[in-house]
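Participant: The sequence and its predicted three-dimensional model are supplied below.
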Amino acid sequence: MTRKKFDLSKCIGGIKRNSTGHVVAAEATSLLFGIKFNPKLNAKEGRLEDKVVEKWEKEFNKLMDTTKTTNAKLYYMTEVRYREDADKSIQDDIVLLSCGYILVIFYVSVMLGNFSRMNTKVWLAIFGVLCVGLSIGVSFGIASACGIFYGPIHSTLPFLLLGIGVDDMFVIVQAWSNLTPEICQTQPIQERIGLALKHAILPALRSFCIYAAIGVLADFILQATLFTALLAIDARRQKKKRDGFCCCCITLPDNYRESSLAKKDFLKTSIDKIGAAMLSLPGKVIVIIITGALFGFNLYGAIILKLSFDQNRFLPPDSMSYKYTFTNRKASQIRLRHKNLDSTREEVKAMENLRDKIKTVFPNDSLGFPFSPYYFTSETNKIISTELYRNMGLALLTVLVATPVVLSSLRTCFLVFSCVGFTLVGIMGTIHFWGLTIDIVTTMFLVLAVGLSVDYSSHIGHTFMITSGTRKERALTTLRDMGPAVWNGGFSTYIAVGLLVYSNSYATLTFFKVFFCVVFYGLFHGLCYLPVLLSLIGPSPYDSSEVNTEESPSSLKPDDNTDCKGAYFNPSLETSTGDLLNVGAHQQKSSLVLIEDLEMPQR
């Protein structure tokens, strides 16, 4: 009747034929029911709906759920079921978020302090993560109150803000720990907090939506105000020798000393050893070769990264839903069907060709135009590739313009920018081999990755600029002083998003894959590639450099047997060769001056 070729394989599957080619058996069949649809706009949810049809579909879903079959498996798909399955996959991520918060609190509690009653920072870690939770509440509350649309992709924001907030915590506490003993002894706590924030660069992030923008701003304000206030309170607790777990009830004795385990900083010791090996000539060659190999491999993947979007990706793999919508219009219409469209590019080309042909007949769009629900996807695919590269270019330009304001060194800025570029190429290449394509979800996360990737290398670049000495000495000191904070920030992000690998949501899984790559390549280029470059071609330090290789926070300790975190220790002095000499607590001055006049105390 329609002269359209009938494709039997669209209706039945597992076809078996006899010798004459006739169908004699089939393993599966599909049935499609059409229902009259009289839609009305639901402005609150931003969609068309027909309450009668939705009620019918809900009853149909109940019937299918209760239908029992013995020799066959029954699968059904309705629009209501599609929407419910998509929403359920997002709601299931709340459990993963809760588990992620618990793991992050545990990790931060261990890594912020050490294993002693004086220096443990359990409560500081809990309240620091609470700051992140408050920023999430501020973001969702303000944006929702303004009537801003909330979509499936927004469910990844709590994981994003958790990673950013914890990274800020580590940087602030590390900057506090890096204060010199003279400052710790002579300056009050409130002024020391200000000096710590002076060298703690908080991430500047351009969000993919207003929710994220509000959340990042709220996190920045809370970390710079509430968390630092809590850090000051924790410092007062340590000064008064109160217990780290039950500070209100227990005061430690005057002769309290830490255990030998608490005195050891395994992470900093490991970074010292790895950094020394990495900054040797063979180590530099190996790092440069690995960086070049990763760049070349991922550049190939980035070049062949495909453009493709399928709305069914947003459904969990175990759901049985498919969405088909049709909008009635009070006008005559002619039904057409595209055929043999095997790729996204062909779909876009077919849409544009049909529009061009109709426009030649009806120049006025109000008289005649092609329409299809699938054209919404085609319209997105038509511009998504251009939008991706344009927005990434604008984000990179913003980074290139903003970093000189923070680093005040063009050479350091270009080195940091090269790390960002290599990181982005690595991300795009890896997600291609991981099975992702360019769509609206990956576009948002890739643009967001520009702001996140600059964070790791900018911390290293800034610390290098405030450290004096030879290039190699400054690179080693930078790894020692800021490396642990950068590593802890990245690793805590892994903990925060690691559980998302078990999610059934496409948006959440894409978020996990992209940010796994962000952290991996960000840490590699920030902690390996950039220090090697700085040790070779790094610029001179600031004229007002306060940290130097002769008198660094890692080689000096305050005279009252406490470090800036309040930790008690056996006083020691680091010589220019890296050896440690035990000295009297009140003999410590500048390393170079002290070594010349030093007489070893009697043991």
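Facilitator: Now that the structure is in, tell me what you want to look at. Because the structure is a prediction, the values reported are computed rather than measured.
Participant: where do the strands sit along this protein?
Facilitator: 12-13, 16-17, 23-25, 28-29, 40-42, 47-49, 467-468, 547-548, 572-574, 580-582 (DSSP state E).
Participant: can you list the residues that contact the fourth one?
Facilitator: Judged by C-beta atoms under 8 Å, 6 or more residues apart in numbering, the contacts made with strand 28-29 from elsewhere in the structure are 11-14. C-betas here are computed from N, CA, C, even on glycine.
Participant: cool, and stretch 520-538?
Facilitator: Residues contacting stretch 520-538 (C-beta under 8 Å, 6+ apart): 275, 278-279, 283-284, 287-288, 290-291, 294, 411-412, 415-416, 418-419, 422-423, 426-427, 430, 452-453, 455-457, 459-461, 464, 471-472, 474-475, 478-479, 483, 486-487, 490.
Participant: which of these count as buried?
Facilitator: When the contacts of stretch 520-538 are checked for burial by 16 or more other C-beta atoms under 10 Å, the buried set is 275, 278-279, 283-284, 287, 291, 294, 411-412, 415-416, 418-419, 422-423, 426-427, 430, 452-453, 455-457, 459-461, 464, 471-472, 474-475, 478-479, 483, 486-487, 490.
Participant: Narrow those to those in helices?
Facilitator: Within the buried ones among the contacts of stretch 520-538, residues falling in helices by DSSP state H are 275, 278, 283-284, 287, 291, 294, 411-412, 415-416, 418-419, 422-423, 426-427, 430, 452-453, 455-457, 459-461, 464, 471-472, 474-475, 478-479, 483, 486-487, 490.
Participant: Can you tell me the closest non-neighbouring residue to Gly483?
Facilitator: Among residues not flanking Gly483 along the chain, Ile271 sits closest, at 4.5 Å (C-beta to C-beta, 6 or more residues apart in numbering).
Participant: Is it correct that Val425 is in contact with Phe297?
Facilitator: No: Val425 lies out of contact with Phe297 (C-beta atoms under 8 Å); the separation is 9.6 Å.
Participant: Please identify which of these two sits among more neighbours.
Facilitator: Taking other C-beta atoms under 10 Å, Val425 and Phe297 do not tie; Val425 has more neighbours (21 against 15).
Participant: How about the contacts made by the more buried one?
Facilitator: Residues counted as contacts of Val425 (C-beta under 8 Å, 6+ apart) are 295, 298-299, 302.
Participant: Buried subset of those residues, written for PyMOL?
Facilitator: Those of these that count as buried under 16+ other C-beta under 10 Å are selected in PyMOL with:
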select buried, resi 295+298+302
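Participant: tell me the domain boundaries of this protein?
Facilitator: In the assignment given by the TED database, the structural domains of the chain cover 116-253, 262-324+388-541.
Participant: And those domains: which comes nearest Val52?
Facilitator: domain 262-324+388-541 (17.4 Å; C-beta to C-beta).
Participant: what's the average pLDDT for that closest one?
Facilitator: Here domain 262-324+388-541 scores 81 as its mean pLDDT.
Participant: next one: stretch 140-157
Facilitator: Stretch 140-157 carries an average pLDDT of 70.
Participant: How about stretch 50-63?
Facilitator: Averaged across stretch 50-63, pLDDT comes to 85.
Participant: And it, what's buried?
Facilitator: So, applying 16+ other C-beta under 10 Å, buried residues of stretch 50-63: 50, 53, 57, 60-61.
Participant: export those to TSV and tack on distance to Phe170?
Facilitator: Shown next, in TSV, are the buried residues of stretch 50-63 (distance: C-beta to C-beta, whole Å):
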residue	distance to Phe170
Asp50	52
Val53	53
Glu57	50
Phe60	53
Asn61	48
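Participant: Max pairwise distance over these: which two?
Facilitator: It's Asp50 and Asn61 that sit farthest apart of the buried residues of stretch 50-63, by C-beta to C-beta, at 15.7 Å.
Participant: Can you name the residues that contact Leu396?
Facilitator: For Leu396, the contact set (C-beta under 8 Å, 6+ apart) comprises 417, 420-421, 424, 450.
Participant: CA atoms only for stretch 420-439, dumped as CSV, please.
Facilitator: Taking Å, rounded to 0.1, in the frame of the first residue of the first chain, the C-alpha atoms of stretch 420-439 are listed here in CSV:
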residue,chain,number,x,y,z
VAL,A,420,47.5,21.3,30.4
GLY,A,421,47.7,20.7,26.7
PHE,A,422,49.4,17.3,27.1
THR,A,423,46.8,16.4,29.7
LEU,A,424,43.9,17.2,27.4
VAL,A,425,45.4,15.3,24.5
GLY,A,426,45.9,12.3,26.9
ILE,A,427,42.3,12.5,28.0
MET,A,428,40.8,12.7,24.5
GLY,A,429,43.0,9.9,23.2
THR,A,430,42.3,7.6,26.2
ILE,A,431,38.5,8.1,26.1
HIS,A,432,38.5,7.1,22.4
PHE,A,433,40.2,3.8,23.2
TRP,A,434,37.8,3.5,26.2
GLY,A,435,34.8,3.5,23.9
LEU,A,436,33.5,7.1,24.4
THR,A,437,32.5,9.4,21.5
ILE,A,438,31.9,13.1,21.2
ASP,A,439,28.4,13.9,22.5
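Participant: In helices only, show me the buried residues of stretch 50-63.
Facilitator: Reading helices off those with DSSP H, I get 53, 57, 60-61.
Participant: got those as CSV, with distance to Leu134 columns?
Facilitator: Formatted as CSV, these follow (distance: C-beta to C-beta, whole Å):
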residue, distance to Leu134
Val53, 42
Glu57, 40
Phe60, 44
Asn61, 39
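Participant: Nearest to Ile105 among those residues?
Facilitator: Asn61 (40.1 Å).
Participant: which residue sits closest to that closest one, ignoring its sequence neighbours?
Facilitator: Spatial nearest neighbour of Asn61, excluding adjacent residues (C-beta to C-beta, 6+ apart): Arg81 at 5.6 Å.
Participant: What pLDDT does the model give that neighbour?
Facilitator: 77.
Participant: can I assume it is in contact with Glu54?
Facilitator: No: Arg81 lies out of contact with Glu54 (C-beta under 8 Å); the separation is 11.0 Å.
Participant: What's the separation between Ser453 and His525?
Facilitator: 8 Å (C-beta to C-beta, to the nearest Å).
Participant: which residues are common contacts for these two?
Facilitator: Both Ser453 and His525 are contacted by 419, 423, under the criterion C-beta under 8 Å, 6+ apart.
Participant: quick one: contacts for the residue nearest to Gly483?
Facilitator: Contacts of Ile271 (C-beta under 8 Å, 6+ apart): 479-480, 483-484, 487.
Participant: which pair in those spans the largest distance?
Facilitator: The widest separation within those (C-beta to C-beta) is 11.7 Å, between Arg480 and Trp487.
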